[in-house]
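# this is the structure alone, sequence omitted:
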Ligand SMILES: Nc1ncnc2c1ncn2[C@@H]1O[C@H](COP(=O)(O)OP(=O)(O)O)[C@@H](O)[C@H]1O
Ligand SMILES: [Mg+2]
């Protein structure tokens, strides 16, 4: 089990020995235990693990939404750890795209305005051709003038994908983007994310606990108790499920060992 | 249910505090007004009880001129009346005395002595020391050129025994030697801030009463105090209706009542503040509770699902309201007692010699402030409470959605109310509402405000989106603009508070600007004087110009002609009227551009008068008619009308002009009060003004001013009132700010997730703050704009109605309106500070995960 990569591979974001500790004393929770990971450019990476294993925490640290307790995080060539709020905000604006589980859109803006929001905030002119490509890929051409309330959940999530894509960020982070969708809409969103990686070379990191969703990725990283415990390339649902099962056993053992030690 | 209510109250401390503050302010002003007038009332009661504590009975003659507004000075009493009074049964001693207002001491600097504003300045006859008065230094006046002054005058003007003192009386300034300084019982320098100069009796008679051998009071001592009222009644019967007989207690009460009435304007100002605070506060409370109810939809639905009845839901909201009401009322009452006491203390201090009575809280303060505080809070919460009761139990299971209900009903109600309010206003202003004009106008204005408030949600959409365009050049601006258009009702209620404050001040500014401009136009058209000698009247005697000075002015080579005027009130046919007289009638007719409607205006012979056109038609007087006029002094005289004029000859407007000779013998003060000066063409106005200034050295009450300065002085009173109104606006704005803060804090709370998302995708802190600020400014600008339009419209309506009262010009105060708009924008910025900081400090992660 190794996460080392051939040096030739371009890295969009990486974590180096990242620790994240919440609280102190009795209430202390170590969410990340020295995680080191490199996320390849132009790849679709899924982060998997049981609930509470630190997936979201890792993603937030990588995306510059949260600070790390120890270690370093890079997005592209930018060292994220140590940046102030202003620089972090600009980093997120210019280099990172987000797709959250829900509430991705501003209800006061139309779909088109929502898609262009990060660019407008940055005061950048949208590349019209790229915008059209993105809109056509997500199939929202006839919904551009609609408000979020007039769109279905799947359509809203596709707007969120388009928004993340249109700025061509270094990396897009998606936290359970299909968690609130029915399976068909979820599949649509996932295949769209995969094609944006395959066809346009976008880098995407997706947090999920759904094996089916993870099977869309090129690579799956397994997290348990704040540690990277496994990884899988070119995954299938079955293979992912298989690993998860093993993981549950190991983490149960680890938990038992941990409580025994106290 | 009570527990649940208390819990939910505590969880929203800040918002409730904000809305409670409006009630606190209103209650504070209401109770402050009552406490102040009560304390001042008791202060003056005790003052005048003191003043008259040594007086058994006082006899005065009824004034010759009486009127609805103010009576003239008491008539003179012939000296032989004293012995007649003394002969009456029960009377131990009767003393004739002079004690009349109008002796104005002049300081060492040549200016009229300062002192408390509006304090009387008495000229008295010296009768030696008694229980009330004792000499502190020197002696009483014995010669014609000697006076004694009270210790207050001595301190104020730094006068010592042996000093020279100038005194203006019915006659021009005369100089006396101070031979004594006296004080009052209890070590007081004056009784209540008044100034007294005591002359020898004949001098007092001549200078204060204008005739020898007369008095204006007879002090009566009774043989037995138990018979006081009996003696009084006997005197009344003996002396007949021409005389006024009062006991000391009667007089104390009369005088105190008079002063209280004069001071009631302070109470009215405070009550006005309270009314505005309330009007604006109602919207704030309404807003808070609708917000609370909207936020608690799910909780309320859950309660309903668990079996709570509609009545229980309504009661729980109203209970919350009454708790806020009670707390705000108590705090407001405490503050009100504070400002009432402070106000009474300050006024007493200002008067120079008053001791404020102990502070008391009259029952009216308790009751009215209670009704205001709690009643208004509950009334404002009623609508949201009913809304809360309408929440169906099923709402508990649904995602709470701020459904945009149609505005049709609100709009129709607003339209109907606007029509009603408008009609009331038109009717009130038309002058057909006999005696009830104020009621109709105030009602109309009030209804119009509410109507516009109801229409604001409808107006909000287009106006807010238009205003928002101003800020749409940046992304935060655009976002803020959209946010402000998001909840039209909430935006409208919030803006309505702003609307009312700005409308009030704009309306009043419009009226004042129009009145000022109308006066200016009229004066410029009608008065041909280049320079005017005039002064401010502060007591019952108008300011005096020394006739010797006028002679010198006439002698100046640059002066073409001068028309000096004296005026007074007189009686004709049992009704009061304005009486003027010019020392040069021909010049007056020319300079004041009086136009003859009938007869002639260029001269007035003995027994002739001129009548103002409006007065003539009201009283059915025509040229040739014979009119009997009672002036302040002397008997009624019969005049023949020789001319009817149009134009403004009198500062009071209307009335009659009598020959100068009659003014000298019949007016209360025969000295001219103002003079209109026409210069020769080509004369240097400034140089002449300087010369006249020097000539007027001995006329300290008047100044020479140019025509435009004179107009400025005449319209200055509007500036003062306008300042008061603007302070009022300030109070209302504070409340409006609270409303906007309230709404914004809620918006930030409601949109936490959205804000988190925006911050996550790269909205900077500064941009976030700007977004909130734009939302705030758009709301407050919307309110201000609406207020300016409504205020200008209301002002214009009033001006239109006053057209036949001489307010011919409609002037919109553009400068002020822009200033109010800017103030509105600043209010928006100020209100945004706290919510914006809150929004910017939001923890992005927590916000995204916000449940
Ligand atoms: N703000 C926080 N304060 C304290 N503990 C936290 C906080 N956020 C996450 N945790 C803890 O960190 C661990 C990892 O959480 P998270 O990354 O959300 O897990 P996942 O996304 O894999 O379900 C959990 O034990 C969680 O309780
Ligand atoms: Mg998670």
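Perfect, I can see it now. Because the structure is a prediction, the values reported are computed rather than measured. Ligands and ions are numbered 1, 2, ... in the order given.
# residue 182 - how many residues pack around it?
Picked chain A for this. The number of residues packed near residue A:182 is 11, by other CB atoms under 10 Å in any protein chain shown. The way it works is simple: take the backbone N, C-alpha and C, and place the C-beta from them, glycine included.
# ah, I was thinking of chain B
Neighbour count of residue B:182, defined by other CB under 10 Å: 24.
# SS state for it?
At residue B:182 the chain is in strand, as set by DSSP: H, G, I helix; E, B strand; the rest coil.
# quick one: strands adjacent to the helix or strand hosting residue B:610?
Assigned by DSSP states H and E, residue B:610 belongs to strand B:608-612. Using DSSP bridges, strand B:608-612 pairs in its sheet with strand B:637-646 (parallel), strand B:656-657 (antiparallel).
# the residue nearest in space to the middle of chain B: which element?
The centroid of chain B falls nearest to residue B:265 when counting by CA atoms, centre = their mean (5.7 Å). Secondary structure assignment for residue B:265, by DSSP H and E: helix B:248-295.
# domains of chain B?
Per the record, chain B has its domains at B:1-32+B:257-403, B:50-256, B:428-526+B:709-851, B:536-701, by automatic domain parsing.
# mind giving me the packing neighbours of the helix holding residue B:265?
Here helix B:248-295 touches helix B:13-51, strand B:57-61, helix B:310-351, helix B:376-389, helix B:437-469, helix B:488-526, helix B:716-750, going by 3 or more CB pairs under 8 Å, 6 or more residues apart in numbering or on different chains; DSSP states H and E.
# could you rerun that using 7 Å?
helix B:13-51, helix B:310-351, helix B:376-389, helix B:488-526, helix B:716-750 (3 or more CB pairs under 7 Å, 6 or more residues apart in numbering or on different chains; DSSP states H and E).
# so which of those gets nearest ligand 1?
Among the helices and strands packed on helix B:248-295, the nearest to ligand 1 by CB to the nearest ligand atom is helix B:716-750 (19.9 Å).
# what about the strands in the stretch 51-200 of chain A?
In the stretch 51-200 of chain A, the segments counted as strands under DSSP state E, counting those that start in this stretch are A:70-75, A:78-79, A:96-99, A:171-175.
# would you mind giving those strands as CSV with mean neighbour count and mean pLDDT added?
Below are those laid out as CSV (neighbours: other CB atoms under 10 Å in any protein chain shown; pLDDT from 0 to 100):
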stretch, mean neighbour count, mean pLDDT
strand A:70-75, 19, 92
strand A:78-79, 14, 90
strand A:96-99, 26, 90
strand A:171-175, 26, 92
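# need these in TSV (columns: distance to residue B:644).
Shown next, in TSV, are those (distance: least, CB to CB, whole Å):
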stretch	distance to residue B:644
strand A:70-75	95
strand A:78-79	95
strand A:96-99	89
strand A:171-175	94
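# now render those strands as a markdown table, adding distance to ligand 1.
Output for the strands of the stretch 51-200 of chain A, formatted as a markdown table (distance: least, CB to the nearest ligand atom, whole Å):
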| stretch | distance to ligand 1 |
| --- | --- |
| strand A:70-75 | 15 |
| strand A:78-79 | 22 |
| strand A:96-99 | 15 |
| strand A:171-175 | 8 |
